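J.: Sequence and predicted structure below; questions after.
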Amino acid sequence: MKHGKKWEGVRKKIDKTKEYSLVEAIEFLKGNSQVKFDETVEVAVNLGIDPKKSDQSVRGSVVLPHGLGKSVRVLAFALGEKAQEAKDAGADFVGAEDMAEKITGGWLEFDAVIATPDMMKVVGKLGKILGTRGLMPNPKVGTVTMDIGKAIKELKKGKADFRAEKGGILHAPLGKLSFDAVKLQENAKAFLEAVAKVKPPSAKGPFIKKVIITSTMGQGIKINPAV
């Protein structure tokens, strides 16, 4: 991909041999944005794991203290009292087989899916649709739960899920570039602390090996993992 002179000019400002502090990285991204829309600040973490080994899988979630800066449309699979609990907690769509039929028919106007355990017999049939989009509910990240009201409120506030992909790398959003720098720093710290807590017992050596902070259209900046 070819980039313009301004993009290349910004790239040359970054010392690729240096590990920046989190503060420096955020200030750089905020000061060198070249687009008119509000970019998302993102993080990529290279982990010291062997993703091919089942006992070294890394997956989890964290409710960021200052949210993600976007509206999250939540679909809840629940019946009876739990359906009402979901509605009271702010779920945008609530249902069971009726919602499954809509999804099978091509409807995908939601950003997250929550389900009570008894609903997984319905949701499980949607695996090929939801799974490929990273929307399949999972008890490991709290999206299959009886405490559906709490789960929905967390998603609405700004919950970031993470999962190590091929190569032991995970990605996650941290908020919007328009956020106050302190809020972005606190979100980033909360995220990295959550990742550190799920280190597999069988993983040897440094767990968080490399951390890159970037924005939607910005440069990747390597930061010191010890934030």
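T.: Ah, there it is. Residues are numbered from 1 along each chain as shown.
J.: Now do the longest helix along the chain: everything it contacts.
T.: Secondary structure assigned by DSSP state H gives helix 181-197 as the longest helix of the chain. Applying Cβ atoms under 8 Å, 6 or more residues apart in numbering, the external contacts of helix 181-197 come out as 22-23, 26-27, 30, 41, 43, 45, 47, 58, 60-62, 64-66, 160, 162, 170, 172, 174-175, 179, 207-208, 211, 213, 225, 227. For glycine as for every other residue, the C-beta is placed from the backbone atoms N, C-alpha and C.
J.: All the helices of the chain, in order from the start?
T.: Per DSSP H, the chain carries helices over the ranges 5-11, 22-31, 80-89, 97-104, 120-123, 127-131, 148-158, 181-197.
J.: quick one: average pLDDT of the fifth one?
T.: Helix 120-123 comes out with an average pLDDT of 95.
J.: Report the helix or strand with the lowest average pLDDT across the chain.
T.: helix 5-11 (a mean of 64; mean pLDDT, DSSP states H and E).
J.: Okay, domains of the protein per the record?
T.: If you go by automatic domain parsing, the domain ranges for the chain are 15-58+164-223, 74-158.
J.: Counting neighbours, which bits of stretch 77-95 end up buried?
T.: By 16 or more other Cβ atoms under 10 Å, the buried positions in stretch 77-95 come out as 77-79, 82-83, 85-87, 89, 91-95.
J.: Compile these into a markdown table and extend it with columns for pLDDT.
T.: A markdown table is the format used below for these (pLDDT from 0 to 100):
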| residue | pLDDT |
| --- | --- |
| 77 | 98 |
| 78 | 97 |
| 79 | 96 |
| 82 | 96 |
| 83 | 97 |
| 85 | 97 |
| 86 | 97 |
| 87 | 96 |
| 89 | 95 |
| 91 | 96 |
| 92 | 96 |
| 93 | 97 |
| 94 | 97 |
| 95 | 96 |
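J.: could those go into JSON lines alongside distance to residue 149?
T.: Output for the buried residues of stretch 77-95, formatted as JSON lines (distance: Cβ to Cβ, whole Å):
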{"residue": "77", "distance to residue 149": "14"}
{"residue": "78", "distance to residue 149": "10"}
{"residue": "79", "distance to residue 149": "15"}
{"residue": "82", "distance to residue 149": "9"}
{"residue": "83", "distance to residue 149": "11"}
{"residue": "85", "distance to residue 149": "5"}
{"residue": "86", "distance to residue 149": "7"}
{"residue": "87", "distance to residue 149": "9"}
{"residue": "89", "distance to residue 149": "4"}
{"residue": "91", "distance to residue 149": "9"}
{"residue": "92", "distance to residue 149": "14"}
{"residue": "93", "distance to residue 149": "15"}
{"residue": "94", "distance to residue 149": "12"}
{"residue": "95", "distance to residue 149": "16"}
